[in-house]
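Novice: sharing a sequence plus its predicted fold:
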Amino acid sequence: MVGRLVFVLTFAINAQEARVCLVDEVHSEKAQNRDKATVASIFRGIGVEVRWEECAISEFEIRVKASAPAVAREDVLATTRLAPREVSVYADRVRALLVKSHPAVQNIAFAYVIAHELGHAIQGVARHSDEGIMKPRWNADDFSAMLFHQLRFAEPDAAMIRQRLAVQYVASTGR
Ligand SMILES: [Zn+2]
């Protein structure tokens with residue numbers, strides 16, 4: 001296990017910002033840098049700028065954990081609690097899925113799991129889509145798309161994320 005590294009995702013949209021802490025207890029700094037770049041690129045694709053800074057105050061936290069709790073169903077890769085907002089991503093589960101079925105995407109899929117969970121956290125409702133990053137389960141085509149940076153948020157998800165980020169900013173400043 002590497003040292004605990006903490007990063008803040010600052011979403012900027014229309015010059016408004018929402019902050020998310022990403023605490024990765026598992027991966028190397030190199031792997032985290034790669035994931036951060038991929039996550040930023042995914043969100044840039046829907047018009048949301050992501051900046052990474054040192055973690056201070058955040059509106060919610062994503063924690064990458066080494067292993068899932070024993071009570072978690074076998075196919076669960078991550079969990080998102082909406083109130084309070086808290087996201088856990090289980091590295092052992094993601095690794096097991098990828099090694100078994102899609103070894104070629106091992107280095108990139110983790111960022112998509114983070115993006116998917118961020119999608120839940122930002123949208124603030126429990127829902128999935130038929131297309132794109134917010135599908136409940138990715139298939140072989142989706143994993144292939146990741147390899148070529150072609151897997152994206154479907155437009156309804158992108159629109160909802162943009163809308164929620166703006167709403168969240170207004171709420172957090174009390175205006
Ligand atoms: Zn989900």
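Specialist: Noted; the coordinates are in hand.
Novice: point out where this structure drops to low pLDDT.
Specialist: Counting by pLDDT under 70, the ranges of the chain that qualify are 1-19, 53-60, 83-85, 167-175.
Novice: strands of the protein, start to end?
Specialist: With strands called from DSSP state E, the chain shows them at 5-13, 16-24, 49-53, 60-65, 78-82, 85-90.
Novice: parallel or antiparallel, which strands does the fifth one pair with?
Specialist: Put plainly, it is strand 78-82. Strand pairing for strand 78-82, determined by DSSP bridges: strand 85-90 (antiparallel).
Novice: relative to strand 60-65, how tilted is the partner strand?
Specialist: Angle of strand 85-90 versus strand 60-65, following axes from the mean of the first three to the mean of the last three C-alpha atoms, to 10 degrees, is 20 degrees.
Novice: list the buried residues in strand 85-90.
Specialist: Residues of strand 85-90 classed as buried: 85, 87, 88, 89, 90 (neighbour count, 16 or more other C-beta atoms under 10 Å). Using the backbone N, CA and C atoms, a C-beta is placed for each residue, glycine as well.
Novice: what about the third one, distance to residue 159?
Specialist: It refers to residue 88. Computed with C-beta to C-beta, to the nearest Å, the distance linking residue 88 and residue 159 is 27 Å.
Novice: same deal with residue 117?
Specialist: The value you get for residue 117 to residue 159, if C-beta to C-beta is used, is 19 Å.
Novice: which of those two has more neighbours?
Specialist: The neighbour comparison of residue 117 against residue 159 (other C-beta atoms under 10 Å) goes to residue 117, with 19 against 13.
Novice: centre of the chain versus stretch 131-148, how much separation?
Specialist: Here stretch 131-148 is found 14 Å from its chain centre; the criterion is C-alpha atoms, centre = their mean, to the nearest Å.
Novice: show me the contact partners of that stretch.
Specialist: 42, 101-102, 104-105, 108-109, 112, 115-116, 119-120, 127-129, 151-154, 157 (C-beta atoms under 8 Å, 6 or more residues apart in numbering).
Novice: so which of those residues are in helices?
Specialist: The members of these that map onto helices under DSSP state H are 42, 101, 108, 109, 112, 115, 116, 119, 120, 157.
Novice: contact partners for the third one?
Specialist: It refers to residue 108. 34, 38, 146, 147.
Novice: dump those into TSV; add distance to residue 51 and neighbour count as well.
Specialist: Listed next are the contacts of residue 108 as TSV, based on distance: C-beta to C-beta, whole Å; neighbours: other C-beta atoms under 10 Å:
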residue	distance to residue 51	neighbour count
34	17	16
38	15	20
146	23	21
147	26	14
